Structures are given as C-alpha cells and as structure tokens.
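Participant: any chance you could fold what I've pasted below:
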Amino acid sequence: MITDPKAFLNELFETAVNAAHPRHVLASHLPADTSGRAVVIGAGKAAAAMAQAIENTWQGEISGLVVTRYGHGANCRKIEVVEAAHPVPDDAGLAVAGRVMELVSGLSKDDRVIFLLSGGGSALLSLPAPGISLPDKQQINKALLKSGATIGEMNCVRKHLSAIKGGRLAKACFPATLYTYAISDVPGDEATVIASGPSVADPTTSAQALAILARYEIDVAPHIRAWLESPESETVKAGDPCLANSHFALIATPQQSLQAALDKCESRGIPALVLGDLEGESREVAKVHAGIARQIINHGQPIQPPCVILSGGETTVTVRGNGRGGRNAEFLLSLTENLRGQPGVYALAADTDGIDGSEDNAGCIMTPQSYRDALAQGINPTDMLDNNDGYGFFSALDSLIVTGPTRTNVNDFRAILILGDQPNDSE
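Facilitator: Numbering: from 1, shown residues only. This next block holds a predicted model:
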C-alpha cells in the first residue's frame, strides 16, 4: 500500500540514480590487472565521480585530467578535475580538450589510457576542427538545441566539426591501449552517439551533417560549409588501424536504472509497465503516456491499477515561447494539461544528472491537485505550455525537484503512479 505517493515517486528516482552511479558500477569493468601505470582522461557530467572511483580502485600509478559541467566536480587526489560549460561549450572546455589531446599524443604501445565518458561530454570536450572557431560551434550548438533535432542528429553535426570527436581521440591515443568506460545517456546505448563517440568508429558522414543542417534550416557560414564539403572533415571509420587497441565498455545504461526502479516497485507489491527509452517531442510523448494512463484507469489494460508506468530516454523540445524549463518540465506540464486532474494519478519526470536542461531543478512532480491548484492561482496550463514554461508552472505549485548535481547521467527518468479512481486524493 502506498500511503505517500510523492515520497514513493522520489524513492524510485533515487533508486534509478543510484543504480547508475560510478561508485557502484565502474570497478567491476576494469582490467584484471590494475597494477600498472595509466593515463586517465574523461569528459561528461559523471566524469569527476568516475575519476574518484578510479582513484579508489586502481592499484598502480595514475594521473590525468577530466572535464565535467560546472558544479559537477569532485575532490580527486591524483586526477585533475576541470569544470566547463554545458550544453553550449565555452573557452574552459576548449582549453581542456587541447590539453587532453596533448596528454595522449606521443604514447607508446606499452602505455594504457583510461577514458571516462558520460553524457554531456560532447559539449564539454570541445575542440573545433581546423579553421572553425569556438563561436562558430557555439552558434551551431544553440541553433541545434532550439531546433528539435535529436541527440543523434546533433552529435552527427558536432562530430564533423570537431578535431576530437568521431574517433579522432582514439587516433591520437594510438598505439597505446585505450579503455573507454561509458555511462550511456542515449536511447539504444550506441557508442557512436554517447558524447559524439571520441574513441569509436563513426558511421555517419559529412554529407549527413550537411543534410541535418538543411533539414532544420540552420544557416552556416561559407567556411563551415566548405569544411563539411571537404574530405578532411570525414570522421574515423570502422576498420581503421588506429582502433586496433581500443576497447569500449558500457558500465551503466538507462535500462539498468529502469530495471532498478522496476525491482523497487515489485518489492513494494506494485506492478510496473516499462516503456523503455523514448524519443520525440516532450509534449507529444506526454500525450502517449496520458493515453496509456487513461486506458489503465478505464479498462485495466495493459495492466491493472495500482501500478506504475516507467520510461526513460531523451525527448526534445522545440522552443516556441520565452518560458523556462527543460524537457522534463515540458513533459510533465503536457501530462498535466492532458490529464486535467485525473484522480489517483501522480507523476515524476526528472533528469538523472540532477539538472533539467539549464535550470536548477532535476525535474518536477505532478499530483491530482496540480491542475486545479494552477487554475485556482489564475495559471492556465495550456498557455504555460505554449510558452514552454514548465519551470514557472511547477515552481508556482512548489513542485520542483531540486537535488543538485548527481554526478551521473543516464538521461531522463519518468514514473507515473496510478492508484485508480481515488475519491479523497491527498497531497
């Protein structure tokens, strides 16, 4: 029996985050022999926590450098941690990327490199291709973020404008042995997509990058177009000799976190329906979730209440208004607008890295009262959704989830608790 729905949903979120934290998942993936010297590099929102885990586990000599988002750092003794901007790269990320390439260049076949990779690494490890400036990349990044492009599409463009992504880091490390340990934040857990695949072969092409820019009507300067049209812009492909000593391992995935949340539900006697990793416009994905919730309530299909709907992945937001809020706030606002106070339905949507978009909250929580409480304050959910102002909506209801940086990242986590038609729902 769930007596406190909001506490239960927060417990599920904490369970999902803990299941992906480096301190729990990294050690078991390391080589059997950790007695030798290793150069450690890394990038992403989990990079500092991953570096800490390496320091606590590796028995040999280690040194190196990792970059993480501002506020996501950790105290490391042997590995330098630098903070930089995300999702739009800045000078700090540019400087770190150059230093990383210097660290791994000129190594021998007897050297070992440990590359700690997680979501956010694409923006944090930013080294533009020759002739392309950081402001060029910043402008294109901002346009892509507003366009509604998928993470795969954004990373395709980023890779072909980079001197470090799309396998180029692996090329710099060769002939040293390279171990990449990655925390996935992308649907399908594709190594080529996670942080734009700096250490793996890239199946995308420069022609595809140009097509993506055209699809979303993003104008680029002539020198950028000229670069993308040149053979030099092509990334490292499968079979390249520089990948011969490169090894890649996933240490945490969105599915692992969803499974942990499912196990938690079942331990409490609540069945759960796992929808998996999802993509698409946040507001549209919310409509699908609302439809499933209504089917459960009205017809007991495909699962009987009380139950939980779980999903993850990375949705997108096409920005049309001037409001605040990331994709989780957008999802939950759309869900609120669609369910309109449906009795017995509670929901949480949050980013496992602790930051929804660029705001200070991880996400938000919805109760059966949320819709009515908003109207009572003179807040129209439809108008707020039109203005992309999920943050403002849930802030007014005191329903933001603020965790601070979690130092991991398996992307979004959504849980909808359906208790059925409850005549006396409480907060």
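Participant: tell me if residue 227 really is in a helix.
Facilitator: Yes - per DSSP: H, G, I helix; E, B strand; the rest coil, residue 227 lies within a helix segment.
Participant: ok, it - contacts?
Facilitator: Under the criterion of C-beta atoms under 8 Å, 6 or more residues apart in numbering, the neighbours of residue 227 are 129, 131, 132, 161, 233. For the C-beta atoms, the positions are set from N, CA and C on the backbone; glycine is no exception.
Participant: try 7 Å
Facilitator: Taking C-beta atoms under 7 Å, 6 or more residues apart in numbering as the criterion, residue 227 is in contact with 129, 131, 132, 233.
Participant: redo these as JSON lines? Include pLDDT.
Facilitator: As requested, the contacts of residue 227 are exported to JSON lines (pLDDT from 0 to 100):
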{"residue": "129", "pLDDT": "96"}
{"residue": "131", "pLDDT": "94"}
{"residue": "132", "pLDDT": "96"}
{"residue": "233", "pLDDT": "97"}
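Participant: neighbours of residue 79, how many?
Facilitator: Using other C-beta atoms under 10 Å, residue 79 is surrounded by 25 other residues.
Participant: phi and psi next, for it.
Facilitator: The phi/psi pair for residue 79 (degrees, to the nearest 10) reads phi -110, psi 130.
Participant: how far is the strand or helix carrying residue 262 from where the chain is centred?
Facilitator: Per DSSP states H and E: residue 262 is located in helix 254-267. How far helix 254-267 lies from its chain's middle: 18 Å, per C-alpha atoms, centre = their mean, to the nearest Å.
Participant: show me what the top helix by length along the chain is packed against.
Facilitator: When the chain is parsed with DSSP state H, its longest helix is helix 282-299. Applying 3 or more C-beta pairs under 7 Å, 6 or more residues apart in numbering; DSSP states H and E, one finds that helix 282-299 contacts strand 307-313, helix 327-339, strand 412-418.
Participant: all helices of the stretch 101-250 of the chain, in order?
Facilitator: 121-124, 134-147, 151-160, 168-173, 206-215, 222-228 (DSSP state H, counting those that start in this stretch).
Participant: which stretch among those comes nearest residue 105?
Facilitator: Residue 105 sits nearest to helix 168-173 of all the helices of the stretch 101-250 of the chain, at 5.4 Å, using C-beta to C-beta.
Participant: what residues are up against residue 320?
Facilitator: The contact partners of residue 320, taken as C-beta under 7 Å, 6+ apart, are residue 388.
Participant: so which of the helices of the stretch 101-250 of the chain gets nearest residue 308?
Facilitator: Among those, helix 151-160 sits nearest to residue 308 (C-beta to C-beta), with 25.9 Å.
Participant: how far is that closest one from where the chain is centred?
Facilitator: Chain-centre distance of helix 151-160: 14 Å, with C-alpha atoms, centre = their mean.
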